[in-house]
Structures are given as C-alpha cells and as structure tokens.
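**Student:** Structure, please.
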Amino acid sequence: MHIRRILFLASVVVLLLSASLVRAEVTLASPFTSHMVLQREMKLPVWGTAAPGEKVTVEFADQKHSTTADKDGKWSVLLKSMKASADGRVLKVTGSATAAPIVLEDVLVGEVWLCSGQSNMDFTVAKTPKYYFAGVTNEVYEVAAANYPEVRMFSGEWTRSLEPQTRVAGVWKVCTPENVREFSAIGYFFARDLHKELDVPVGILTLTYGASTAQAWIRREAIVADPKLKPVLDKYDADLKAFDASGADRAKLLAQQNANTAADEKARAAGEKPARHPHNPDPVQDQHNPTVLFNGMIAPVIPYAIRGVLWYQGESITAPHELFPLWNETLIKDWRKLWGKELPFYFCQLASLQNDSNNPDVRAMQAEALNLPKTAMAVTIDIGDAKSVHPQDKQDVGARLTLIALANTYGRKIEYSGPVFRSMKIEGNAIRLKFSHVDGGLINKGGPLRTFEIAGADGKFVAADAKIDGKTVVVSAASVTAPVAVRYAWSDYPDGCNLYNVSGLPAAPFRTDVPKPEPEK
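**Tutor:** Now for the predicted structure:
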C-alpha cells in the first residue's frame, strides 16, 4: 500500500512537471506564422509567451535579439527596420527552456494593411458555403488569375469575447487561385493593385465580422472615458449581469452556436437551406454590443506593425443613431493610440441600395470622419446594387482605396477623389456649385447630369436641371425662382447619379446646407 502510494505520488509529480514543461513552451503571438509579411521601413515588435524568466532569442535577416520573459510569461523584442524583400526567409525563435525552436518559413518584408469592418469587407472573392453571400463580378476569371506569390493574407476567425484575448485563430496564406477564394475581396484587390504599383510584397490582416457595429470594435477603456458613449456600455454590462444571473452556461451556448454554424455551412454546400436556430442569449455573442470584437479579434494583433487601416462599416448602426460619428471618431483615435502612431485610416462610404440602412444621412455621418487627419473616403455611390446590401463589384472599391493610399500614404501625385462640394453662389434663379478635386475638369457619364435637386426658402427639394460649366455646375428648376439650396444623389438609391471628374472618380453625395469636409489631410 505504501509503495503504491509512493508510485502514485511520483506519477502525479511527473504529470505536473510535464504540464509545466508544456506551459513553458515558447509561443509567438497570433499574427506570426509562416508565409507572413512584415512591414518594411518600420521597427517590428515580435512578442509571445514563455516560462517566467526564460530567455528568448529571435533571429531574422541577420538580426538576433534576446530578452527574458517577465513574471507573467510575456516577452517581446523589437526588430530593426528593413527594406522590402521578396526573398522568403526564416524567422527563428528559441527558448532557453524549450526543447525545439519555432521556425517560421517563407517570411517576406513589404507593406502591411489591416482590413476591418462588417460584411462588405468580410465579403470574399468567391462564393463558398461559409461565405454564401459573397462572390465578385467575374468570379471565375478573378479566381483563376489570382497567382500573386508576393501577396499574402491573414484571415482571423470570427471571434467575440468578454475579455481581451491574446490569440485569434488564423494563418497567413499565399495568394493562389485556391487560397484567394476565401480572401476578403476588397483586401485582395487592394493588395493586388498596390503590389503591382509598388513592386513590393503586400500583406493584409483581415479581421472582420458581418453585421457588426463600430462600437463592437472599440475597447472598454475608450468607451468609459466618453460620457456620451458610456451609457451604451452600461446597458451592455446590465445585460451581462442579467444573463449571468440566469445561470445559463456560456460555454455550452457558444459550443452550440459553433455547431449550428458548421451545420449551416454543410447544408449550403449540399445546396440545402440551413435550419433556423434559436438566438444565442449571451450578450457577448452579439456583434452589435460594445467591445466584443475588439476583445476577440483586434486585441490579439496589437502591436503588429502595419502601414494603415482600411475600414468598411455603416450598414449596422444601433440607437441612438446620432452617436455613429462619435463611435467612428473614437475607434480611429483609440486604434491610433494603441498602435502608437497616427495610422492612415481609409474607409468606404456606403454604396447605393434600395433600403433605409444605406440612406444619405448615414453616408453624411460617415463623411464626418474626414475631419480627422490622415483619413480619406472611397465613394461607392455609383457601384451599388438596388436589391443587395453586398454589391459584387469589389474591384472598383479596391482600386479606389489603392488610389487613396498611393496619393496620401505613398506620395504619388495622382487624383484619388471624385469631385467634393466646396461652395455655392446664387445667380438669379440658379445656383453655381464649386468643387475640389476637379483639376482636370468635370464630366457627366452617360448623358445629362441626373439626381440633382434644388429648393427655395420652403425647403422643398424638386428635380433640377444641371449643367457643367467649366469646373462648376449650374443648377436650376423652372418651379424654383429664388433657390437657396441644392442636393445631389441624396437618396437611398440615387439611380443614374453621374457627376465625375476626368479621372473617372464619382462625386460624393452632398447637400449645400450641410457642407462636406475635405477628404485630404
């Protein structure tokens, strides 16, 4: 009996030591996998975990840096900035108490951008069981042509969380016809075009979630600090408290939700309609709630070195709607604070759609972010879909974002924006409009200018005649003899809006009584 007890205790000790060794294994943070792209010409944080006090050494491109894990097992080093390189090199991480080093292969150095937001950024190049709502224009051609070994993408798994996480599932994948099928379409076209223009590797961190709100991507500390936003967080906290008091098992609900998602994908792959599932009552699993996507998807990748952010969100806005511009401003400012630099932040204005969620007031609220430095807006009013919130033309969206980046981040002397309303002058029974971004002149695509409206002192807008006069537009209507205001493309689906500059970029919707900020800083 005594011997058995000694043997039992010995086995327990062995198990505990084994577990300790497993916990002591050096790890790298989520964004670090084989085939990744590191940001050129910028100091590069590399971080992970190890046993407390363990010495960790990182080797890459003739650099060798060592550090010691702190009492919580966290470690980080800072690689020196490097020039772009398409030579697939090895990044090696060695721990003094770890049996085998981590070896990441085929690592490139180039430009890295973060793509985030809701389903139109999540929208993939091809339609798949998981991305049943996706698939771009000319999908078959685009997939077959997607052979760009220097373009890479990390696609984070959809993850909502109560607390900030240290990991988000995902790996870097090389752009091939097979892999590109589940690449973010906007992210891919942007990366492809940027790679062609700059002739350097381009990597995209895709962290997106369909139907998500802006506040879901913002950390708790930033929301608490603003008295206008805090009530939304307080409601979420109250909902959490009520849910916990109900005794529901959060882990079981999440497991069931994941099983339902897998079953839905299987059904779609078989050409069947997915079954209806009960709503998950856990507030954490609602992508409209504050913090949940920041915690699950953004926190794990900070401070991975990136050049800037591409953002597409706005279809999902929760009450009170007037807070939407403040949510956007808070997100931009706080992400910049967390990354420790004034990241360029380029976003997409909502496309046209015969649906109240894409109304002109929302587009105007999105444009308010242009008051912040280093922001710009890709206008997509002309490439929407009357019946679908997910337009298939993502090529033009990617191309317009690329122009913005080339001009504002990479210093190219090119036009990147369509005409932007700047001022008006009343001339008798007409109003003359002036615009910026018209150095080459204005054009009307496909016939006379359309979707212009004019109003008198009564504020009632009526359809107007509009003509290009040099770099201006003159607007009038026979029924309005004393005009005071003009608006353009001011509807959910302004069919036929056709004011462009000679660079082929569309004018942003506007109304003269609500001037637009200038999208260049």
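**Student:** And the helices in the stretch 351-500 of the chain, which stretches?
**Tutor:** In the stretch 351-500 of the chain, the helices defined using DSSP state H, counting those that start in this stretch lie at 360-367, 395-408.
**Student:** between these, which one is nearest to R432?
**Tutor:** R432 sits nearest to helix 360-367 of all those, at 22.3 Å, using Cβ to Cβ. C-beta coordinates here come from the backbone N, C-alpha and C atoms, glycine included.
**Student:** quick one: average pLDDT of the closest one?
**Tutor:** Across helix 360-367, pLDDT averages out at 96.
**Student:** which residues touch that helix?
**Tutor:** Under the contact criterion Cβ atoms under 8 Å, 6 or more residues apart in numbering, helix 360-367 has outside partners 314, 317, 321, 324-325, 328, 347, 349-350, 377, 381, 489-492, 508-509, 511, 514, 516-517, 519.
**Student:** Now intersect those with the strands, please.
**Tutor:** With strands taken from DSSP state E, the overlap with the contacts of helix 360-367 comprises F347, M377, R511.
**Student:** Tally up the residues packed near the last one, please.
**Tutor:** By that I understand R511. 19 (other Cβ atoms under 10 Å).
**Student:** residues touching the nearest residue to it once chain neighbours are set aside, list them.
**Tutor:** Leaving aside its chain neighbours, R511 sits nearest to R487 (3.8 Å; criterion: Cβ to Cβ, 6 or more residues apart in numbering). Counting by Cβ under 8 Å, 6+ apart, R487 touches F452, E453, A455, F461, P509, F510, R511, T512.
**Student:** With just CA atoms, put the biggest strand by length in the chain into CSV.
**Tutor:** In terms of residue count, the longest strand belonging to the chain (DSSP E) is strand 102-117. Provided in CSV are the C-alpha atoms of strand 102-117 (Å, rounded to 0.1, in the frame of the first residue of the first chain):
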residue,chain,number,x,y,z
ILE,A,102,9.9,27.9,-33.5
VAL,A,103,10.8,28.1,-37.2
LEU,A,104,8.6,30.2,-39.5
GLU,A,105,9.4,29.9,-43.2
ASP,A,106,8.8,32.0,-46.3
VAL,A,107,8.7,35.3,-44.4
LEU,A,108,8.6,38.4,-46.7
VAL,A,109,9.0,42.1,-45.9
GLY,A,110,6.8,44.7,-47.6
GLU,A,111,3.6,46.7,-46.9
VAL,A,112,1.0,45.5,-44.4
TRP,A,113,-2.5,46.9,-44.0
LEU,A,114,-5.3,45.9,-41.6
CYS,A,115,-8.8,45.4,-43.2
SER,A,116,-11.7,45.5,-40.8
GLY,A,117,-15.4,46.2,-40.5
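**Student:** In it, which residues are buried?
**Tutor:** By 16 or more other Cβ atoms under 10 Å, the buried positions in strand 102-117 come out as 102, 104, 106-117.
**Student:** Check stretch 51-62 too.
**Tutor:** Those would be A51, E54, K55, V56, T57, V58, E59, F60, A61, for stretch 51-62 by 16+ other Cβ under 10 Å.
**Student:** Please work out the average pLDDT along that stretch.
**Tutor:** Mean predicted confidence for stretch 51-62 is 97.
**Student:** How many neighbouring residues does D264 have?
**Tutor:** 18.
**Student:** What's the first helix or strand after whichever strand or helix holds it?
**Tutor:** In this structure, D264 sits in helix 250-269 according to DSSP states H and E. From helix 250-269 onward toward the C-terminus, using DSSP H and E, the following helix or strand is helix 292-293.
**Student:** all strands for the stretch 351-500 of the chain, in order.
**Tutor:** 375-378, 420-427, 430-436, 442-444, 452-455, 461-463, 465-469, 472-476, 485-488, 499-501 (DSSP state E, counting those that start in this stretch).
**Student:** Include mean pLDDT and distance to E272 when you put the ones you listed into CSV, please.
**Tutor:** Below are the strands of the stretch 351-500 of the chain laid out as CSV (pLDDT from 0 to 100; distance: least, Cβ to Cβ, whole Å):
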stretch, mean pLDDT, distance to E272
strand 375-378, 98, 37
strand 420-427, 97, 48
strand 430-436, 98, 51
strand 442-444, 97, 48
strand 452-455, 98, 47
strand 461-463, 98, 47
strand 465-469, 98, 50
strand 472-476, 98, 52
strand 485-488, 98, 45
strand 499-501, 98, 44
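**Student:** Counting neighbours, which of the contacts of helix 360-367 end up buried?
**Tutor:** Neighbour counting over the contacts of helix 360-367 (16+ other Cβ under 10 Å) leaves 314, 317, 324-325, 328, 347, 349-350, 377, 381, 489-492, 508-509, 511, 516, 519 as the buried ones.
**Student:** hmm, back to that, now do the helix holding D264, average pLDDT.
**Tutor:** For helix 250-269, mean pLDDT is 94.
**Student:** And that helix, what's buried?
**Tutor:** Across helix 250-269, burial judged by 16+ other Cβ under 10 Å covers R250, L253, Q257, N260, D264, E265, R268.
**Student:** Wait, the last one touches A134, no?
**Tutor:** No. Counting by Cβ atoms under 8 Å, no contact exists between R268 and A134, whose distance comes to 11.8 Å.
**Student:** just to revisit the earlier point, of the strands of the stretch 351-500 of the chain, give the one that comes closest to L44.
**Tutor:** Ranking those by proximity to L44 (Cβ to Cβ) places strand 375-378 first, at 25.1 Å.
**Student:** how far does that closest one sit from the chain's center?
**Tutor:** Relative to the mean C-alpha coordinate of its chain, strand 375-378 is positioned 13 Å out (Cα atoms, centre = their mean, to the nearest Å).
**Student:** can you pull the alpha-carbon coordinates of that strand into CSV?
**Tutor:** Taking C-alpha atoms only, strand 375-378 is exported to CSV below (Å, rounded to 0.1, in the frame of the first residue of the first chain):
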residue,chain,number,x,y,z
THR,A,375,-8.3,60.0,-43.3
ALA,A,376,-9.9,59.6,-46.8
MET,A,377,-13.1,58.1,-48.1
ALA,A,378,-13.7,55.8,-51.1
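**Student:** Paired strands for it, with orientation please.
**Tutor:** Partner strands for strand 375-378, per DSSP bridges, with pairing direction: strand 345-348 (parallel).
**Student:** what separates the strand it pairs with from the chain centre, distance-wise?
**Tutor:** Taking the mean of its C-alpha atoms, strand 345-348 sits 8 Å from the chain's own mean (Cα atoms, centre = their mean).
**Student:** who's the spatially most central residue of the chain bridged to?
**Tutor:** In the chain, the residue lying closest to the centroid (Cα atoms, centre = their mean) is S116, at 1.5 Å. Using DSSP bridges, the bridge partners assigned to S116 are L207, W311.
**Student:** doesn't A214 make contact with it?
**Tutor:** No. With contact defined as Cβ under 8 Å, S116 does not reach A214; the gap is 10.2 Å.
**Student:** need the contact list for V484.
**Tutor:** Shown in contact with V484 (Cβ under 8 Å, 6+ apart): I426, A455, G456, A457, D513.
**Student:** can you list the residues you listed in CSV and add neighbour count and distance to C497?
**Tutor:** Converted to CSV, those look like this (neighbours: other Cβ atoms under 10 Å; distance: Cβ to Cβ, whole Å):
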residue, neighbour count, distance to C497
I426, 12, 23
A455, 21, 18
G456, 17, 23
A457, 10, 26
D513, 12, 19
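**Student:** Which member of those residues is positioned nearest L406?
**Tutor:** D513 (33.7 Å).
**Student:** circling back to that earlier point, distance from the chain centre to the longest strand of the chain, please.
**Tutor:** In terms of Cα atoms, centre = their mean, the centre of strand 102-117 is found 16 Å from the chain centre.
**Student:** Which strands or helices does it pack on?
**Tutor:** strand 27-28, strand 37-39, strand 85-95, strand 148-155, helix 185-198, strand 202-208, strand 308-312 (3 or more Cβ pairs under 8 Å, 6 or more residues apart in numbering; DSSP states H and E).
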